[in-house]
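J.: Need a 3D model of the following:
(2 chains)
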Number of protein chains: 2
Amino acid sequence: MRKIGTKDIEYIAMGSTVLGTGGGGDPYIGKLLVKQAINTYGEASLVNAEDLEDDALIVPIAAFGAPMILVEKLFSGNEFMKAFEMMEEYLGKKIDAVMPAEAGGLNGVIPFAVAAEKNIPIVDADGMGRAFPRLEMVTFTLHNIPVSPIAQADEKGNRNIYHTIDNVWGETLVGATTIQMGGSCAIGCYPMSGKQVKKAAVHGIVTYAQKLGEAILDSKDKNLSPLTSLIKEASAIKLFTGKISKVTIKTEGRWNKGICEIMGLDENQGNFMDLDFQNEFLMAKKDGRPMAITPDLIVLIDAENAQPITAESVQYGTRVVVLGMKADVQWRTPEGIALGGPQKFGYKEKFIPIEELNKN
Amino acid sequence: MRKIGTKDIEYIAMGSTVLGTGGGGDPYIGKLLVKQAINTYGEASLVNAEDLEDDALIVPIAAFGAPMILVEKLFSGNEFMKAFEMMEEYLGKKIDAVMPAEAGGLNGVIPFAVAAEKNIPIVDADGMGRAFPRLEMVTFTLHNIPVSPIAQADEKGNRNIYHTIDNVWGETLVGATTIQMGGSCAIGCYPMSGKQVKKAAVHGIVTYAQKLGEAILDSKDKNLSPLTSLIKEASAIKLFTGKISKVTIKTEGRWNKGICEIMGLDENQGNFMDLDFQNEFLMAKKDGRPMAITPDLIVLIDAENAQPITAESVQYGTRVVVLGMKADVQWRTPEGIALGGPQKFGYKEKFIPIEELNKN
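T.: Next up is the predicted model:
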């Protein structure tokens, strides 16, 4: 167990944006909420999944909605506590620890606010090791852990409990009301035991996010290149260097969909890379040939400061580097590929690991 | 208190279709569910609102969805019991009696199935005295009774509890998930005390529906005209006699919207009547001039058998009589007109009582 202060949150937020692979919502507002909570209630305690009691009750707490709306529509902060309390009330049990559902984007930091206010630990694990756009797209689903009951709260005061027959229905019903709520809400979901967390979650992901954040933010002080440090820390593959030459983006319900086209620079002069996104970057093609495919991570980096760029904030003319990172081993199983792979998002291409796509 | 057997259900279902004013869903399937429940569990007991204990817990149980889908998509029957049980569990209290939310259409009979199976009474009252398409459009809203908690169950096994900040949000959120569920579900809502029922509900409406049904179904045996008997029993105004000459209908989410055009016969030869509907018939115009306006009831009657026709089953060529009936006094107050009047449905025309519209 270690204490997480406001400085750690800076690093974790930065690393979560990397793991967000363009989606998950910009953590900026989440970071402010968490810092305020830590300043008010004291530091949060991060606990290893392995150290949980088998019968402990763990509940992931998350913001749910379209990334673009999560950035524009402010949270009151209160809705996360409300979702937490509804879950406790509904289960008739005290929650022993919270957890990020996804360590990518906004949701990499949000649960710290609840952990600080409730003075309970937050587990160093999540259900993705990245960001994904649908509620059922978590490693918990691969272990048959039900998403329900789901506690949902919005900033207006609406609060609902869902008990869906499977995890896809959770996405369908909570997605439908979230759109009515204005496009975002807070949820508690996948209540599970410590034993289940140990087996089903992606371990150490918060600490990993923090290390990625440190590589980006602290390298200059050590006279190192932030980009080189990030690539080393993430064991990333540099897929492309270029300038954003075209952006197509639209919001459809909970989805930001589009294509970010990058014109080659340096060794990629004359080439083009297309990043296809549905909230997250899902497919990177160089001159039409796939170079990285979901569930592997595609990370768009601002060449100037080595900081990640979210899909909703890509801008024409920005000089960028595209990185590829291996997905967690759970996503690379046949079941994992079926749940988070390219077919799930309507692509014809089959999943091929980035290390194979970029062999030579 | 009186016992309700399968024969009574025939009359009540017929009368509920009259009070449905074209909407509320055809009670045919509901009637089968209720008869089966009565045959299995015994007759249901109908109790007067005045006879309720002040602190009794009463819960309206209803089918929720688009009338067209309520007719086509079968209920398992089980979802009504599930909604009932979820409400008891959530409130942590036994429900003393059920009630129709609307005595018009399908929902005029549905609660009898739960009452029979649970062996608890059903109250001779509802929240409309007719059918209306939106969850907040009940006299309960006029008395500031909250729709929440709402218990929602579908035939697949999804079951949710909503706690919305007001009654309109109840419609918005439950409406959104109902569409995802395939267009229909069962709900328990507006849990209230016996004291609240006495004050806020439309009393005696089930017995009234039964009398309307008897007028239609039993008159021939008494050598009376079913139509004349119905008009007398309902204190109805005969607005038009004609033949359906055009039908425009479309389903938009939970709404059946359209216009039924009737060409005059008999004394109306040469005239036209347009019935505008959004689930229910809301506006009847003769040659462009309003003759009946919501919340007053517009009832389309098959001239051949004096039976009411629902808006989703209007057919070109049918000979019909259009009747107008006064809305319950609660709907004719300024608050009632604001909640169920023409402005609420987007009409420019102001509400004028049918007796004034048809003076000469």
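J.: neighbouring contacts of stretch A:38-58?
T.: Contact with stretch A:38-58 is made by A:1-6, A:9, A:37, A:91, A:93-99, A:112, A:115-117, A:119, A:121-125, A:191-198, A:201, A:203-204, A:206-207, as judged by Cβ atoms under 8 Å, 6 or more residues apart in numbering or on different chains. (C-beta placed from N, C-alpha, C; glycine too.)
J.: buried stuff in that stretch?
T.: A:38, A:43, A:44, A:45, A:46, A:47, A:48, A:49, A:52, A:56, A:57, A:58 (16 or more other Cβ atoms under 10 Å in any protein chain shown).
J.: That one: end-to-end distance?
T.: 21 Å (Cα to Cα, to the nearest Å).
J.: Averaged pLDDT, it. What do you get?
T.: Averaged over stretch A:38-58, pLDDT sits at 97.
J.: Determine how far that stretch lies from the middle of the whole chain.
T.: 19 Å (Cα atoms, centre = their mean, to the nearest Å).
J.: related to what we said a few turns ago, helices - which of the buried residues of stretch A:38-58 land there?
T.: Using DSSP state H, the subset of the buried residues of stretch A:38-58 located in helices is residue A:38.
J.: which SSE is residue A:243 in?
T.: Taking DSSP states H and E as the criterion, residue A:243 maps to strand A:237-252.
J.: what's the answer for residue A:285, then?
T.: Residue A:285 belongs to strand A:280-286, assigned by DSSP H and E.
J.: Report the angle between the helix or strand just after that strand and strand A:237-252.
T.: Following strand A:280-286 in sequence order, the next helix or strand is strand A:289-293 (DSSP H and E). Taking axes from the mean of the first three to the mean of the last three Cα atoms, to 10 degrees, one finds strand A:289-293 and strand A:237-252 inclined to each other by 80 degrees.
J.: List the single closest residue to residue A:64 in space, sequence neighbours excluded.
T.: Once flanking residues are discounted, residue A:64 sits nearest to residue A:187: 4.8 Å by Cβ to Cβ, 6 or more residues apart in numbering or on different chains.
J.: Please apply the same query to residue A:264.
T.: In this structure, residue A:264 finds its nearest non-sequential neighbour in residue A:271, 3.9 Å apart by Cβ to Cβ, 6+ apart.
J.: So the one you found is in contact with residue A:287, correct?
T.: Yes. Counting by Cβ atoms under 8 Å, residue A:287 is a contact partner of residue A:271 at 5.5 Å.
J.: Near chain B, which residues of chain A? Just list them.
T.: Applying Cβ under 8 Å from any Cβ of the partner chain, one finds that chain A approaches chain B through A:156-165, A:169, A:172-173, A:176-177, A:179-181.
J.: hey, where'd the helices end up in the stretch 101-250 of chain A?
T.: Secondary structure of the stretch 101-250 of chain A (DSSP state H, counting those that start in this stretch): helices located at A:110-118, A:139-142, A:167-180, A:194-200, A:205-218, A:226-234.
J.: Looking at those helices, which one is packed in the most?
T.: Counting by mean count of other Cβ atoms under 10 Å in any protein chain shown, helix A:110-118 has the highest mean neighbour count of these, with a mean of 27.
J.: same for that one, what does it pack against?
T.: The helices and strands touching helix A:110-118, judged by 3 or more Cβ pairs under 8 Å, 6 or more residues apart in numbering or on different chains; DSSP states H and E, are helix A:28-41, strand A:44-47, strand A:57-65, helix A:78-91, strand A:97-100, strand A:122-123.
J.: what angle separates the first one from helix A:110-118?
T.: Spelled out, that is helix A:28-41. Angle, helix A:28-41 to helix A:110-118, by the same axes, to 10 degrees: 20 degrees.
J.: chain center to helix A:28-41: distance?
T.: That offset, for helix A:28-41, works out to 18 Å (Cα atoms, centre = their mean).
J.: Repeat that for the fifth one.
T.: Strand A:97-100 has its C-alpha centroid displaced from the chain centroid by 14 Å (Cα atoms, centre = their mean).
J.: Residues in contact with that strand: which ones?
T.: A:47, A:52, A:56-62, A:84, A:107-108, A:110-111, A:114-115, A:118, A:120-123, A:125-127, A:197, A:201, A:205-206.
J.: got the CA coordinates for that strand in CSV?
T.: Taking Å, rounded to 0.1, in the frame of the first residue of the first chain, the C-alpha atoms of strand A:97-100 are listed here in CSV:
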residue,chain,number,x,y,z
ALA,A,97,-12.1,-0.6,-1.9
VAL,A,98,-12.8,1.1,-5.2
MET,A,99,-11.0,0.5,-8.5
PRO,A,100,-10.8,2.0,-11.9
